[in-house]
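K.L.:
mind folding the following:
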Amino acid sequence: MEKVVVTGMGTVNPLGLSVAETWQNAIHGVSGVGPITQFDTSNYPVQIACEVKNFVPERYMDLKEVRRRDRYEHFAAAAVQEALTQSGLSITEQNSSRIGVIISAAIGGLQSLEEAIFTVRDSGPRRISPFLIPMLMPNGAAGLASIEHGIKGPGLSIASACASGADGIGMAWLLLRAGVLDAVIAGASEAPICQTAIAAFDRIGAMSRRTDYSMTPQPFDKNRDGLVMGEGAAVLVLETESHARARGTVILAELAGYAATSDAFHITAPHDEGAGGAMAIRLALEAAGVLPEEVGYINAHGTGTPLNDLAETKAIKAAFGPLAYRIPISSTKSMTGHMMGATGALEALFCVQALQEGILPPTIHYQTPDPECDLDYIPNQARQAKIQVAISNAFGFGGHNAVLVFRKYS
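P.N.:
Sure thing, here's the model as predicted:
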(Lines give C-alpha, C1' and ligand atoms only; values in the text may rest on other atoms or scores of the structure.)
Protein backbone atom coordinates (compact mmCIF):
# COMPACT_ATOMS: atom_id res chain seq x y z
CA MET A 1 0.00 0.00 0.00
CA GLU A 2 1.01 3.58 -0.61
CA LYS A 3 2.46 5.80 2.06
CA VAL A 4 0.31 8.69 3.28
CA VAL A 5 2.11 12.00 3.73
CA VAL A 6 1.38 15.43 5.20
CA THR A 7 1.86 18.36 2.82
CA GLY A 8 0.07 21.24 4.54
CA MET A 9 -1.19 22.34 7.93
CA GLY A 10 -3.39 25.11 9.29
CA THR A 11 -4.73 26.09 12.69
CA VAL A 12 -6.58 28.63 14.78
CA ASN A 13 -6.38 27.94 18.53
CA PRO A 14 -5.79 29.58 21.92
CA LEU A 15 -2.04 29.84 21.24
CA GLY A 16 -2.22 31.49 17.82
CA LEU A 17 -3.90 32.18 14.50
CA SER A 18 -1.37 30.25 12.39
CA VAL A 19 0.90 27.22 12.62
CA ALA A 20 4.01 29.38 13.05
CA GLU A 21 2.57 31.52 15.87
CA THR A 22 1.09 28.49 17.60
CA TRP A 23 4.33 26.51 17.48
CA GLN A 24 6.43 29.35 18.87
CA ASN A 25 4.06 29.78 21.79
CA ALA A 26 3.89 26.02 22.40
CA ILE A 27 7.65 25.50 22.57
CA HIS A 28 7.98 28.53 24.84
CA GLY A 29 5.38 27.17 27.25
CA VAL A 30 2.81 29.92 26.82
CA SER A 31 -0.54 29.34 28.51
CA GLY A 32 -3.73 30.04 26.57
CA VAL A 33 -5.87 30.23 29.71
CA GLY A 34 -7.77 33.35 30.73
CA PRO A 35 -11.13 34.59 31.99
CA ILE A 36 -14.15 33.62 29.88
CA THR A 37 -15.23 36.62 27.79
CA GLN A 38 -17.94 35.02 25.64
CA PHE A 39 -20.65 35.14 28.32
CA ASP A 40 -21.22 36.40 31.84
CA THR A 41 -19.81 33.84 34.29
CA SER A 42 -20.98 35.56 37.48
CA ASN A 43 -23.16 32.63 38.49
CA TYR A 44 -20.80 29.90 37.24
CA PRO A 45 -18.33 27.91 39.35
CA VAL A 46 -16.11 27.75 36.23
CA GLN A 47 -14.89 31.15 35.05
CA ILE A 48 -11.84 30.35 32.93
CA ALA A 49 -11.23 28.87 29.48
CA CYS A 50 -8.70 28.81 26.66
CA GLU A 51 -10.33 31.15 24.15
CA VAL A 52 -9.08 31.98 20.67
CA LYS A 53 -7.79 35.54 20.81
CA ASN A 54 -7.89 38.37 18.25
CA PHE A 55 -9.66 36.24 15.65
CA VAL A 56 -11.42 38.27 12.95
CA PRO A 57 -13.51 35.99 10.72
CA GLU A 58 -13.91 38.73 8.10
CA ARG A 59 -10.27 38.13 7.17
CA TYR A 60 -11.29 34.72 5.81
CA MET A 61 -14.77 35.34 4.37
CA ASP A 62 -17.11 38.21 3.59
CA LEU A 63 -19.42 39.62 6.25
CA LYS A 64 -22.48 37.89 4.80
CA GLU A 65 -20.83 34.49 5.26
CA VAL A 66 -19.68 35.39 8.75
CA ARG A 67 -23.30 35.95 9.75
CA ARG A 68 -24.40 32.66 8.22
CA ARG A 69 -21.82 30.51 10.02
CA ASP A 70 -21.21 29.36 13.56
CA ARG A 71 -17.95 30.22 15.30
CA TYR A 72 -16.65 26.67 14.85
CA GLU A 73 -17.20 27.04 11.09
CA HIS A 74 -15.25 30.31 11.10
CA PHE A 75 -12.30 28.55 12.72
CA ALA A 76 -12.45 25.66 10.27
CA ALA A 77 -12.48 27.94 7.23
CA ALA A 78 -9.34 29.73 8.43
CA ALA A 79 -7.47 26.49 9.17
CA VAL A 80 -8.41 24.97 5.80
CA GLN A 81 -7.19 28.07 3.95
CA GLU A 82 -3.80 28.03 5.69
CA ALA A 83 -3.33 24.29 5.13
CA LEU A 84 -4.18 24.47 1.43
CA THR A 85 -1.91 27.47 0.94
CA GLN A 86 1.06 25.67 2.47
CA SER A 87 0.42 22.48 0.53
CA GLY A 88 -0.04 24.24 -2.81
CA LEU A 89 -2.73 21.68 -3.66
CA SER A 90 -4.72 22.93 -6.62
CA ILE A 91 -8.29 21.65 -6.79
CA THR A 92 -9.66 21.55 -10.33
CA GLU A 93 -12.69 20.13 -12.10
CA GLN A 94 -10.47 17.27 -13.27
CA ASN A 95 -9.20 16.18 -9.84
CA SER A 96 -11.99 17.36 -7.53
CA SER A 97 -13.66 13.95 -7.22
CA ARG A 98 -10.35 12.39 -6.10
CA ILE A 99 -10.05 14.82 -3.18
CA GLY A 100 -12.00 14.49 0.06
CA VAL A 101 -12.67 16.66 3.08
CA ILE A 102 -13.12 15.41 6.64
CA ILE A 103 -13.64 18.19 9.16
CA SER A 104 -14.79 16.53 12.35
CA ALA A 105 -16.61 17.92 15.37
CA ALA A 106 -17.74 16.33 18.59
CA ILE A 107 -20.32 19.03 19.20
CA GLY A 108 -20.70 21.33 16.18
CA GLY A 109 -22.53 24.63 16.39
CA LEU A 110 -23.59 24.51 20.01
CA GLN A 111 -23.28 28.28 20.44
CA SER A 112 -25.75 28.89 17.62
CA LEU A 113 -28.15 26.28 18.97
CA GLU A 114 -27.99 27.76 22.47
CA GLU A 115 -28.63 31.28 21.18
CA ALA A 116 -31.57 30.05 19.10
CA ILE A 117 -33.18 28.37 22.10
CA PHE A 118 -32.88 31.61 24.07
CA THR A 119 -34.35 33.52 21.12
CA VAL A 120 -37.36 31.18 20.79
CA ARG A 121 -37.97 31.47 24.52
CA ASP A 122 -37.68 35.27 24.63
CA SER A 123 -38.93 36.39 21.21
CA GLY A 124 -40.77 33.50 19.58
CA PRO A 125 -40.00 30.98 16.82
CA ARG A 126 -40.10 33.48 13.94
CA ARG A 127 -37.02 35.27 15.26
CA ILE A 128 -34.44 32.52 14.83
CA SER A 129 -32.06 32.56 11.88
CA PRO A 130 -33.05 30.67 8.71
CA PHE A 131 -29.40 29.56 8.64
CA LEU A 132 -29.58 27.84 12.03
CA ILE A 133 -29.55 24.29 10.68
CA PRO A 134 -26.30 24.63 8.66
CA MET A 135 -24.81 26.59 11.59
CA LEU A 136 -25.41 23.84 14.13
CA MET A 137 -24.71 20.77 11.95
CA PRO A 138 -21.53 18.96 13.02
CA ASN A 139 -20.87 18.33 9.31
CA GLY A 140 -21.38 22.00 8.45
CA ALA A 141 -17.68 22.86 8.41
CA ALA A 142 -16.91 19.96 6.08
CA GLY A 143 -19.77 20.91 3.76
CA LEU A 144 -18.70 24.55 3.64
CA ALA A 145 -15.09 23.60 2.90
CA SER A 146 -16.31 21.39 0.06
CA ILE A 147 -18.38 24.23 -1.41
CA GLU A 148 -15.72 26.90 -0.92
CA HIS A 149 -12.90 24.91 -2.52
CA GLY A 150 -14.81 22.77 -5.03
CA ILE A 151 -14.01 19.46 -3.35
CA LYS A 152 -16.27 16.74 -4.79
CA GLY A 153 -14.93 13.60 -3.14
CA PRO A 154 -16.32 12.27 0.16
CA GLY A 155 -17.21 14.97 2.68
CA LEU A 156 -17.45 13.67 6.23
CA SER A 157 -17.50 14.67 9.87
CA ILE A 158 -16.51 12.03 12.39
CA ALA A 159 -18.11 12.30 15.84
CA SER A 160 -16.27 10.28 18.49
CA ALA A 161 -16.21 12.85 21.28
CA CYS A 162 -12.70 14.06 22.04
CA ALA A 163 -11.22 11.51 19.63
CA SER A 164 -13.13 13.05 16.68
CA GLY A 165 -10.22 14.97 15.17
CA ALA A 166 -7.82 12.05 15.38
CA ASP A 167 -10.42 9.62 14.03
CA GLY A 168 -11.14 11.95 11.11
CA ILE A 169 -7.44 12.04 10.23
CA GLY A 170 -7.35 8.27 10.65
CA MET A 171 -10.31 7.85 8.32
CA ALA A 172 -8.47 9.94 5.74
CA TRP A 173 -5.46 7.63 6.14
CA LEU A 174 -7.67 4.60 5.46
CA LEU A 175 -9.24 6.16 2.35
CA LEU A 176 -5.87 7.17 0.92
CA ARG A 177 -4.28 3.80 1.63
CA ALA A 178 -7.22 2.07 -0.04
CA GLY A 179 -6.67 4.08 -3.22
CA VAL A 180 -10.12 5.69 -3.04
CA LEU A 181 -8.67 9.22 -3.01
CA ASP A 182 -5.47 11.05 -3.86
CA ALA A 183 -5.73 13.79 -1.21
CA VAL A 184 -7.86 14.63 1.84
CA ILE A 185 -8.19 17.84 3.82
CA ALA A 186 -8.61 16.38 7.30
CA GLY A 187 -8.94 17.87 10.76
CA ALA A 188 -11.50 19.17 13.21
CA SER A 189 -13.03 22.32 14.62
CA GLU A 190 -14.86 23.19 17.81
CA ALA A 191 -16.29 26.26 19.56
CA PRO A 192 -17.85 24.91 22.77
CA ILE A 193 -17.20 27.82 25.16
CA CYS A 194 -20.81 28.67 25.92
CA GLN A 195 -23.11 28.54 28.93
CA THR A 196 -24.48 25.06 28.28
CA ALA A 197 -21.17 23.30 27.62
CA ILE A 198 -19.35 24.89 30.54
CA ALA A 199 -22.23 24.03 32.89
CA ALA A 200 -22.56 20.47 31.58
CA PHE A 201 -18.88 19.57 31.80
CA ASP A 202 -18.69 21.11 35.26
CA ARG A 203 -21.78 19.16 36.34
CA ILE A 204 -19.96 15.86 35.77
CA GLY A 205 -16.94 17.06 37.73
CA ALA A 206 -14.55 17.32 34.78
CA MET A 207 -13.66 21.04 34.97
CA SER A 208 -11.05 23.02 36.88
CA ARG A 209 -12.78 25.57 39.09
CA ARG A 210 -9.70 27.58 39.93
CA THR A 211 -10.08 31.33 39.52
CA ASP A 212 -6.32 31.79 39.77
CA TYR A 213 -5.55 30.30 36.39
CA SER A 214 -1.79 30.76 36.54
CA MET A 215 -1.27 27.06 37.33
CA THR A 216 -4.11 25.19 35.63
CA PRO A 217 -4.71 22.85 33.87
CA GLN A 218 -2.08 20.57 35.42
CA PRO A 219 -1.92 17.33 33.41
CA PHE A 220 -0.22 14.46 35.24
CA ASP A 221 0.48 16.64 38.30
CA LYS A 222 -0.55 15.25 41.69
CA ASN A 223 -2.72 18.34 42.30
CA ARG A 224 -4.53 18.35 38.94
CA ASP A 225 -8.15 19.38 39.38
CA GLY A 226 -9.74 19.02 35.95
CA LEU A 227 -9.71 20.23 32.38
CA VAL A 228 -9.94 23.78 31.06
CA MET A 229 -12.13 24.06 27.98
CA GLY A 230 -10.59 25.33 24.75
CA GLU A 231 -11.72 26.07 21.21
CA GLY A 232 -10.26 26.23 17.72
CA ALA A 233 -9.46 24.20 14.62
CA ALA A 234 -6.58 22.30 13.08
CA VAL A 235 -6.36 20.83 9.59
CA LEU A 236 -3.83 18.67 7.73
CA VAL A 237 -3.57 18.16 3.98
CA LEU A 238 -2.89 14.45 3.49
CA GLU A 239 -1.92 12.85 0.18
CA THR A 240 -0.66 9.60 -1.18
CA GLU A 241 3.10 9.75 -1.52
CA SER A 242 2.97 9.31 -5.29
CA HIS A 243 0.47 12.15 -5.70
CA ALA A 244 2.54 14.51 -3.56
CA ARG A 245 5.79 13.62 -5.31
CA ALA A 246 4.24 13.94 -8.76
CA ARG A 247 3.34 17.55 -8.11
CA GLY A 248 6.69 18.30 -6.47
CA THR A 249 5.41 19.62 -3.18
CA VAL A 250 7.31 19.62 0.10
CA ILE A 251 6.45 16.62 2.28
CA LEU A 252 6.36 17.47 5.99
CA ALA A 253 6.01 13.99 7.49
CA GLU A 254 4.51 10.56 6.92
CA LEU A 255 1.29 9.55 8.61
CA ALA A 256 2.40 5.96 9.07
CA GLY A 257 -0.32 4.37 11.17
CA TYR A 258 -3.70 4.67 12.84
CA ALA A 259 -5.85 2.53 15.07
CA ALA A 260 -9.09 2.96 16.99
CA THR A 261 -10.58 0.87 19.78
CA SER A 262 -13.46 1.05 22.24
CA ASP A 263 -13.23 0.49 25.97
CA ALA A 264 -16.74 -1.05 26.22
CA PHE A 265 -16.58 0.06 29.84
CA HIS A 266 -18.28 3.36 30.77
CA ILE A 267 -19.92 6.25 28.91
CA THR A 268 -17.65 8.95 30.42
CA ALA A 269 -14.91 7.26 32.48
CA PRO A 270 -11.85 5.62 30.89
CA HIS A 271 -11.08 1.98 31.56
CA ASP A 272 -9.40 1.71 34.98
CA GLU A 273 -6.28 0.09 33.54
CA GLY A 274 -6.27 1.97 30.23
CA ALA A 275 -6.80 -1.32 28.38
CA GLY A 276 -8.49 0.17 25.30
CA GLY A 277 -5.90 2.93 24.99
CA ALA A 278 -3.07 0.42 25.27
CA MET A 279 -4.61 -1.75 22.55
CA ALA A 280 -5.01 1.27 20.25
CA ILE A 281 -1.33 2.18 20.73
CA ARG A 282 -0.19 -1.37 19.97
CA LEU A 283 -2.43 -1.66 16.89
CA ALA A 284 -1.37 1.74 15.53
CA LEU A 285 2.31 0.85 15.85
CA GLU A 286 1.64 -2.47 14.15
CA ALA A 287 -0.21 -0.73 11.31
CA ALA A 288 2.74 1.64 10.91
CA GLY A 289 5.33 -1.12 11.00
CA VAL A 290 7.00 0.72 13.88
CA LEU A 291 8.74 -1.00 16.79
CA PRO A 292 8.04 0.35 20.29
CA GLU A 293 11.70 1.30 20.74
CA GLU A 294 11.50 3.58 17.68
CA VAL A 295 8.98 5.94 19.31
CA GLY A 296 10.70 9.17 20.31
CA TYR A 297 7.74 11.23 21.54
CA ILE A 298 4.14 10.80 22.68
CA ASN A 299 1.68 13.68 22.58
CA ALA A 300 -0.64 12.50 25.33
CA HIS A 301 -4.38 13.02 25.59
CA GLY A 302 -3.49 14.42 29.02
CA THR A 303 -6.68 16.27 29.98
CA GLY A 304 -5.69 17.12 33.55
CA THR A 305 -8.53 15.12 35.11
CA PRO A 306 -7.62 12.64 37.85
CA LEU A 307 -9.12 9.65 36.02
CA ASN A 308 -7.83 10.31 32.50
CA ASP A 309 -4.20 11.00 33.34
CA LEU A 310 -3.87 7.91 35.52
CA ALA A 311 -5.60 5.66 32.95
CA GLU A 312 -3.45 7.05 30.13
CA THR A 313 -0.26 6.52 32.13
CA LYS A 314 -1.31 2.90 32.67
CA ALA A 315 -2.13 2.54 28.97
CA ILE A 316 1.33 3.77 27.95
CA LYS A 317 2.99 1.41 30.43
CA ALA A 318 0.90 -1.51 29.20
CA ALA A 319 1.73 -0.75 25.56
CA PHE A 320 5.46 -0.10 25.98
CA GLY A 321 6.46 -2.00 29.11
CA PRO A 322 9.75 -0.77 30.65
CA LEU A 323 10.35 1.38 27.55
CA ALA A 324 7.56 3.69 28.75
CA TYR A 325 9.97 5.30 31.22
CA ARG A 326 12.34 6.30 28.41
CA ILE A 327 9.82 7.97 26.07
CA PRO A 328 9.28 11.74 26.43
CA ILE A 329 5.58 12.54 26.81
CA SER A 330 3.79 15.87 26.93
CA SER A 331 0.28 17.17 27.27
CA THR A 332 -0.05 20.29 25.14
CA LYS A 333 -3.54 20.67 26.64
CA SER A 334 -1.67 22.26 29.53
CA MET A 335 -1.33 25.23 27.13
CA THR A 336 -4.23 24.98 24.67
CA GLY A 337 -6.88 23.64 27.02
CA HIS A 338 -9.16 20.86 25.89
CA MET A 339 -10.56 21.78 22.46
CA MET A 340 -12.93 18.82 22.56
CA GLY A 341 -13.10 17.16 19.13
CA ALA A 342 -10.51 19.52 17.65
CA THR A 343 -7.72 18.80 20.11
CA GLY A 344 -6.65 15.53 18.51
CA ALA A 345 -6.15 17.32 15.19
CA LEU A 346 -4.03 20.06 16.77
CA GLU A 347 -1.96 17.49 18.64
CA ALA A 348 -1.34 15.64 15.37
CA LEU A 349 -0.03 18.95 14.01
CA PHE A 350 2.27 19.25 17.03
CA CYS A 351 3.68 15.78 16.28
CA VAL A 352 4.52 16.84 12.72
CA GLN A 353 6.20 20.00 14.01
CA ALA A 354 8.21 18.01 16.56
CA LEU A 355 9.49 15.72 13.80
CA GLN A 356 10.31 18.70 11.60
CA GLU A 357 11.94 20.94 14.18
CA GLY A 358 13.52 18.48 16.61
CA ILE A 359 11.82 20.17 19.56
CA LEU A 360 9.36 18.51 21.95
CA PRO A 361 6.77 20.86 23.51
CA PRO A 362 6.44 20.81 27.31
CA THR A 363 3.74 20.01 29.83
CA ILE A 364 3.47 23.33 31.65
CA HIS A 365 2.08 23.90 35.18
CA TYR A 366 3.84 20.72 36.33
CA GLN A 367 4.89 21.15 39.97
CA THR A 368 4.20 18.09 42.13
CA PRO A 369 4.91 14.58 40.77
CA ASP A 370 2.16 12.02 41.21
CA PRO A 371 3.58 8.66 42.36
CA GLU A 372 1.03 6.92 40.13
CA CYS A 373 1.85 9.09 37.10
CA ASP A 374 5.60 8.55 37.09
CA LEU A 375 6.67 8.85 33.46
CA ASP A 376 8.69 11.57 31.69
CA TYR A 377 6.12 14.29 31.00
CA ILE A 378 8.63 16.93 29.71
CA PRO A 379 7.87 19.25 32.62
CA ASN A 380 7.67 23.00 31.98
CA GLN A 381 10.49 23.36 29.43
CA ALA A 382 10.60 22.25 25.79
CA ARG A 383 13.30 19.73 24.94
CA GLN A 384 15.60 19.37 21.95
CA ALA A 385 15.38 15.87 20.49
CA LYS A 386 15.95 14.49 17.02
CA ILE A 387 13.17 11.95 16.73
CA GLN A 388 12.03 9.65 13.94
CA VAL A 389 8.57 8.63 15.23
CA ALA A 390 5.92 10.52 17.20
CA ILE A 391 2.51 9.26 18.28
CA SER A 392 -0.62 11.17 19.27
CA ASN A 393 -3.19 9.75 21.68
CA ALA A 394 -6.82 10.92 21.63
CA PHE A 395 -9.43 9.40 23.92
CA GLY A 396 -13.09 10.35 24.22
CA PHE A 397 -16.31 9.90 26.16
CA GLY A 398 -18.05 6.76 25.00
CA GLY A 399 -14.82 4.83 25.45
CA HIS A 400 -13.30 5.93 22.13
CA ASN A 401 -9.53 5.57 21.69
CA ALA A 402 -7.66 6.80 18.61
CA VAL A 403 -3.90 6.77 18.04
CA LEU A 404 -1.98 8.28 15.13
CA VAL A 405 1.64 7.42 14.31
CA PHE A 406 3.77 9.95 12.44
CA ARG A 407 7.23 9.23 10.99
CA LYS A 408 9.91 11.63 9.81
CA TYR A 409 9.94 11.69 6.02
CA SER A 410 13.15 11.45 4.05
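
K.L.:
so how far is residue 235 from residue 39?
P.N.:
As defined by Cβ to Cβ, to the nearest Å, residue 39 lies at a distance of 27 Å from residue 235. The C-beta positions use only the backbone N, C-alpha and C, and glycine is treated the same way.

K.L.:
who has more neighbours out of these two?
P.N.:
Shown here are residue 39 and residue 235; by other Cβ atoms under 10 Å, residue 235 has more neighbours (38 against 14).

K.L.:
check the secondary structure at the residue nearest to the more buried one when sequence neighbours are not counted for me.
P.N.:
With sequence-adjacent residues excluded and distances taken as Cβ to Cβ, 6 or more residues apart in numbering, residue 235 is closest to residue 187, at 3.4 Å. Here residue 187 is strand, with the state taken from DSSP: H, G, I helix; E, B strand; the rest coil.

K.L.:
now the strands: where do they sit in the stretch 151-300 of the chain?
P.N.:
Assigned by DSSP state E, counting those that start in this stretch, the strands in the stretch 151-300 of the chain fall at 155-156, 183-190, 232-240, 253-262, 297-299.

K.L.:
closest one to residue 173 among those strands?
P.N.:
strand 253-262 (4.8 Å; Cβ to Cβ).

K.L.:
can you give me the helices for the chain?
P.N.:
19-27, 63-68, 71-87, 110-123, 132-136, 140-149, 164-177, 195-203, 241-246, 275-288, 306-320, 333-336, 343-357 (DSSP state H).

K.L.:
please name whichever of those helices is nearest to residue 401.
P.N.:
Checking the helices of the chain against residue 401 by Cβ to Cβ gives helix 275-288 as the closest, at 4.1 Å.

K.L.:
just give me how far that closest one sits from the chain centre.
P.N.:
Centroid displacement of helix 275-288 relative to its chain, using Cα atoms, centre = their mean, to the nearest Å, is 19 Å.

K.L.:
contacts for it?
P.N.:
Residues outside helix 275-288 that contact it (Cβ atoms under 8 Å, 6 or more residues apart in numbering): 256-265, 270-271, 291-292, 295, 301, 311-312, 314-316, 318-320, 389, 391, 393, 395, 399, 401-405, 407.

K.L.:
any of these buried? List them.
P.N.:
Buried subset of these (neighbour count, 16 or more other Cβ atoms under 10 Å): 256-261, 263, 270-271, 295, 301, 311-312, 314-316, 318-320, 389, 391, 393, 395, 399, 401-405, 407.

K.L.:
residue 230 versus the residue nearest to residue 235, what's the distance?
P.N.:
To residue 230, residue 187 is 15 Å away according to Cβ to Cβ.

K.L.:
can you check residue 385 too?
P.N.:
Residue 385 sits 26 Å away from residue 230, going by Cβ to Cβ.

K.L.:
equivalent analysis for residue 365, please.
P.N.:
Between residue 365 and residue 230 the computed distance is 14 Å (Cβ to Cβ).

K.L.:
neighbour-wise, which of these two wins?
P.N.:
Between residue 365 and residue 230, counted using other Cβ under 10 Å, the more crowded position is residue 230 (29 against 25).

K.L.:
ok, what's across the strand from the more buried one?
P.N.:
Bridge pairing for residue 230 (DSSP bridges) gives the partners residue 50.

K.L.:
how far away is it from residue 153?
P.N.:
Counting by Cβ to Cβ, the separation of residue 230 from residue 153 is 30 Å.

K.L.:
same check on residue 331?
P.N.:
Going from residue 331 to residue 153 by Cβ to Cβ gives 34 Å.

K.L.:
who has more neighbours, the two?
P.N.:
Shown here are residue 331 and residue 153; by other Cβ under 10 Å, residue 331 has more neighbours (34 against 22).

K.L.:
count of residues packed around the residue nearest to residue 235?
P.N.:
Neighbourhood size, residue 187 [other Cβ under 10 Å]: 38.

K.L.:
got the contact list for it?
P.N.:
10, 76, 79-80, 83, 102-104, 165, 168-169, 233-236, 342, 345.

K.L.:
swap in residue 38?
P.N.:
By Cβ under 8 Å, 6+ apart, the contact set of residue 38 is 49, 51, 111, 193-194.

K.L.:
just these now: which is nearest residue 338?
P.N.:
residue 49 (9.6 Å).
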